[in-house]
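Visitor: Fold the stuff below for me.
(one chain, ligands or ions: 1)
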Amino acid sequence: MRSIIPFNDGWLFHPAEVGTDTPDTAFAPVTLPHTTRLLPHHNFDVDEYAFVSTYRKRFTLPEPGAGRRVYLDFDGAMIASTVSINGHTFDEFRGGYVPFSFDITDYLNEDGENLLTVRLDSTERKDIPPFGYVVDYLAFGGIYRDVSLRYVEPYHIDNLFVITQNVLTPSAQVHIAIRFNNQTDDFQQFPMQVRLIDPDGNIVVTQNVIQALAAQRIYTTVVTLEVEEPRLWSLNNPELYRIVVDLHPQNEENNPVVDTLTDQFGFREARFDKDGSFYLNGERLKLIGLNRHQTYPYIGAAAPARLQAKDADIIKDELGCNIVRTSHYPQSPHFLNRCDEIGLLVFEEIPGWQFIGDDDWKKLALRDVRAMIERDRNHPSIVLWGVRINESWDDEAFYDDTNTLARELDPTRQTGGVRNFLGSQFIEDVYTYNDFSNTVLDPEHTPHLVTEFNGHMYPTKVWDQEERLIEHALRHARIQDKQLGMPNVAGAIGWCAFDYNTHKELGSGDRICYHGVSDIFRLPKFAAYFYSSQSDPAQRIVLEAATYWTMGDRSEGGNDPLVVFSNCDEIAVYIGDGLHGRYQPDRAQFPNLPHPPFTVTGLGLLMTWGSAFGDLRIVGLLNGEQIIERQYASDGKPAALTLQTDDAELKADGADMTRVVFKIVDRYGNRLPYTQSVVMFELDGPGELIGENPFPLMGGQAALYVKATHTPGVMTVRASTPRLPSAQVEIVVK
Ligand code: GAL
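Guide: All right, here's what the predicted structure looks like:
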């Protein structure tokens, strides 16, 4: 029987390279995912987290081996891991963004204690992609993804690749490429059962096959199932099916299963067409998206499943995107699973940034292509493989190889390769282009997908003056509007969703690139409101004014024009008690957006210095009906410190985390960006606060994380700041 045992618990960590003679007491107990060092959200340097460290874990086998092979599976560790078990050392695994495994069976102590160590090199190793030159992001150190122990029979299933076909016709097919590994010295022949499970958990089709397998061989076979009228995976209805493959003991079909492998997938057809458009299930779909880095404040990349899933939710629900690019590397399985579940398309790419190394380096990049595709090709959300090093120079032989390999490993998906200069060689299927021209250039090839824009052309902080925040938002709006009107452009993915930590050579000097439409805590700037306002009103109603509603923050004073992001079809604007006017979406400036911003004018004269200045009230209407109202105080007075948690409940697994957002707001709940204040936190109960405490708040909003321990109970987080009542939230740990 196969067993998968989570192996995140009970590790020891030492922030240096030490030998087995160093006592356990010199280590700190940790649970994975783990970062080599907790940091402030900015103003730190690479050498604070990029060093060689040692992880150690002592364990007795959680289950008897009983003749099975035992593998140690790492989902990801940054960036080179040398794993030893009971004195046996495996070859160093080089690569921080893809999974790796070791067969540890022959070195295990079946009855007594086992000693596992990982020498983890988290320095910026020039021999490993993405390094060689400076990159615009940080590869935080640590065993930052999950680890598990996998027991399998010496003949077992190694990989499943589910291919769907004719999904738009009444009779579709599912081809399941099943890869086996027979590590025995015997020819094996075994009954195999393949089941297709629908989204409600019902078995739709079962097929029994007798499978033969030569000794010491890895072999792939394909089983085809016929399915009538499958439920399609789409953005609004991301129906997920499941394939289960069971192996039975030789010639004993009714005996217990000896191996089983399962994966989820979806029936959907996704393609970029020569006509320039992207089609999902036969329907043209304009792609509107943002890039995502996998890093977080304080914890580097060591975010547990819940935070990974939350990012996908934010990008789809709060930012209204239909696609995300995993810039610039394969991201967490938890993130991708969530994209499948909620219907968010993904463009996933290999690690790298503006640099191609020597032949060994290129071999690792090819290995990354393989690892990424073999890990992720069943995700219905993924619609494109990025097989070029982001923004690198042309290298025909290398990119012929990456494209050939990608097409061989997954004939169902197209390739892209992100370039930043026109005229670069077009070896891929989709011309994926970073267009920083502040417009959308006419494609020289189709299909053409804009994979970045804006970014460093207009860095914007959440506490910037409102004119800059408005212009930042409008740049995103103009580009998205423009691309939506270009039939030969498939879509545009902006740079980027969230502010992110970077090297001193890039960004604003404090180790942050302020390129996000949201800040590093995933909290909105005005540009986030633009994206959000493109959501379908049937999903959520959005109404956000891009203003701090002051008399004199803008050059020359006043608030003219006032930009409002909303998916309502009309707004009524009130100042004080009087109706200022009713407005329609600004289709003149934004003819192609589903929900153009509103441009409210006539506020210049009204708002001259010293004139009466009342609160702003905006009522949103849809089909003549009032459905939302927002108010903004004119007195600029801090009215409350608010504290909000994303989750009311955590798991007591020592790793689970949630975000706790704090804001200083006016009496209507709007953040007050210029209220610089120190916020202090206290936590009672079983948990740990992660972040800066006290926090010197700038921009009116920020966040900390709380992390569960292994103890259940109730955590209370309390925040206080001078001159305002304190706030608190409770989180139950189960
Ligand atoms: C691009 C690059 C991104 C990011 C961005 C900033 O050139 O691909 O990773 O650095 O610029 O605008």
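
Visitor: Return the nearest residue of the stretch 551-700 of the chain with respect to the ligand.
Guide: Here the stretch 551-700 of the chain gets closest to the ligand at one residue, residue 699, 20.7 Å apart by Cβ to the nearest ligand atom. To be clear about C-beta, it is placed using only N, CA and C from the backbone, and glycine gets the same treatment.

Visitor: In space, what's closest to that residue - neighbours in sequence excluded?
Guide: In this structure, residue 699 finds its nearest non-sequential neighbour in residue 463, 3.5 Å apart by Cβ to Cβ, 6 or more residues apart in numbering.

Visitor: quick one: secondary structure of the one you found?
Guide: Under DSSP: H, G, I helix; E, B strand; the rest coil, the three-state class of residue 463 is coil.

Visitor: And for whatever residue of the chain ends up closest to the ligand, the neighbour number?
Guide: Distances between the chain and the ligand by Cβ to the nearest ligand atom are smallest at residue 455, namely 2.2 Å. If you count neighbours by other Cβ atoms under 10 Å, residue 455 ends up with 18.

Visitor: OK, contacts around it?
Guide: 436, 494-496, 513, 515 (Cβ atoms under 8 Å, 6 or more residues apart in numbering).

Visitor: Tell me the backbone dihedrals of it, please.
Guide: Phi and psi for residue 455, reported as degrees, to the nearest 10, are phi 40, psi -120.

Visitor: hey, C-alpha coordinates of stretch 667-683 in CSV?
Guide: Below are the C-alpha coordinates for stretch 667-683, written out as CSV (Å, rounded to 0.1, in the frame of the first residue of the first chain):
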residue,chain,number,x,y,z
ARG,A,667,-15.4,57.6,10.7
TYR,A,668,-16.6,55.9,7.5
GLY,A,669,-13.8,53.3,7.6
ASN,A,670,-11.5,54.8,4.9
ARG,A,671,-7.8,54.5,5.6
LEU,A,672,-6.1,57.8,6.4
PRO,A,673,-2.8,57.6,4.5
TYR,A,674,-0.9,60.3,6.3
THR,A,675,-1.6,59.1,9.8
GLN,A,676,1.8,58.0,10.8
SER,A,677,1.5,56.2,14.1
VAL,A,678,3.0,53.5,16.1
VAL,A,679,0.8,50.4,16.5
MET,A,680,1.6,48.0,19.3
PHE,A,681,0.4,44.4,19.4
GLU,A,682,-0.2,41.8,22.1
LEU,A,683,-1.1,38.2,21.6
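
Visitor: Which positions in that stretch come out as buried?
Guide: Residues of stretch 667-683 classed as buried by neighbour count (16 or more other Cβ atoms under 10 Å): 670-673, 675, 677, 679, 681, 683.

Visitor: where exactly do the helices run in the stretch 251-400 of the chain?
Guide: In the stretch 251-400 of the chain, the segments counted as helices under DSSP state H, counting those that start in this stretch are 305-313, 333-342, 359-376, 396-409.

Visitor: Strands along the stretch 601-734 of the chain, start to end?
Guide: In order along the chain, the stretch 601-734 of the chain carries the following strands (DSSP state E, counting those that start in this stretch): 616-622, 625-632, 640-645, 649-650, 657-665, 677-684, 687-690, 695-697, 701-708, 713-721, 724-733.

Visitor: Make a markdown table from those strands and add mean pLDDT and distance to residue 245 to it.
Guide: Below are the strands of the stretch 601-734 of the chain laid out as a markdown table (pLDDT from 0 to 100; distance: least, Cβ to Cβ, whole Å):
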| stretch | mean pLDDT | distance to residue 245 |
| --- | --- | --- |
| strand 616-622 | 98 | 49 |
| strand 625-632 | 98 | 49 |
| strand 640-645 | 98 | 40 |
| strand 649-650 | 98 | 34 |
| strand 657-665 | 98 | 34 |
| strand 677-684 | 97 | 46 |
| strand 687-690 | 97 | 40 |
| strand 695-697 | 95 | 50 |
| strand 701-708 | 98 | 35 |
| strand 713-721 | 98 | 41 |
| strand 724-733 | 98 | 37 |
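
Visitor: and those as CSV, adding distance to the ligand?
Guide: Below are these laid out as CSV (distance: least, Cβ to the nearest ligand atom, whole Å):
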stretch, distance to the ligand
strand 616-622, 32
strand 625-632, 31
strand 640-645, 30
strand 649-650, 33
strand 657-665, 24
strand 677-684, 30
strand 687-690, 26
strand 695-697, 26
strand 701-708, 23
strand 713-721, 33
strand 724-733, 35
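
Visitor: quick one, which of the ones you listed is nearest to residue 205?
Guide: The closest of the strands of the stretch 601-734 of the chain to residue 205 is strand 649-650. By Cβ to Cβ, the value is 37.4 Å.

Visitor: Which helix or which strand is home to residue 205?
Guide: Using DSSP states H and E, residue 205 maps to strand 203-213.

Visitor: what number of residues lie near the residue nearest to residue 197 when sequence neighbours are not counted?
Guide: Residue nearest to residue 197 in three dimensions, not counting chain neighbours: residue 242, with 4.2 Å by Cβ to Cβ, 6+ apart. When neighbours are defined as other Cβ under 10 Å, residue 242 has 17 of them.

Visitor: Contact partners for residue 242?
Guide: 196-197, 262-265.

Visitor: Name the residues linked to it by a beta bridge.
Guide: residue 197, residue 264 (DSSP bridges).

Visitor: State the distance from it to residue 152.
Guide: According to Cβ to Cβ, to the nearest Å, residue 242 and residue 152 sit 20 Å apart.

Visitor: swap in residue 195?
Guide: 19 Å.

Visitor: before we move on, what about residue 483?
Guide: 48 Å.

Visitor: do the same with residue 17
Guide: Taking Cβ to Cβ, one finds residue 17 at 32 Å from residue 152.

Visitor: Neighbour count for those two, which is higher?
Guide: Set residue 17 next to residue 152 and count neighbours by other Cβ under 10 Å: residue 152 wins out with 24 against 14.

Visitor: for residue 689, what are its contacts?
Guide: Residue 689 is in contact with 681, 683, 704-707, 717, counting by Cβ under 8 Å, 6+ apart.

Visitor: which residues does the nearest residue to it once chain neighbours are set aside form a beta bridge with?
Guide: Sequence neighbours aside, residue 683 is the residue nearest to residue 689 in space, at 4.8 Å (criterion: Cβ to Cβ, 6+ apart). Beta-bridge partners for residue 683, by DSSP bridges, are residue 717.
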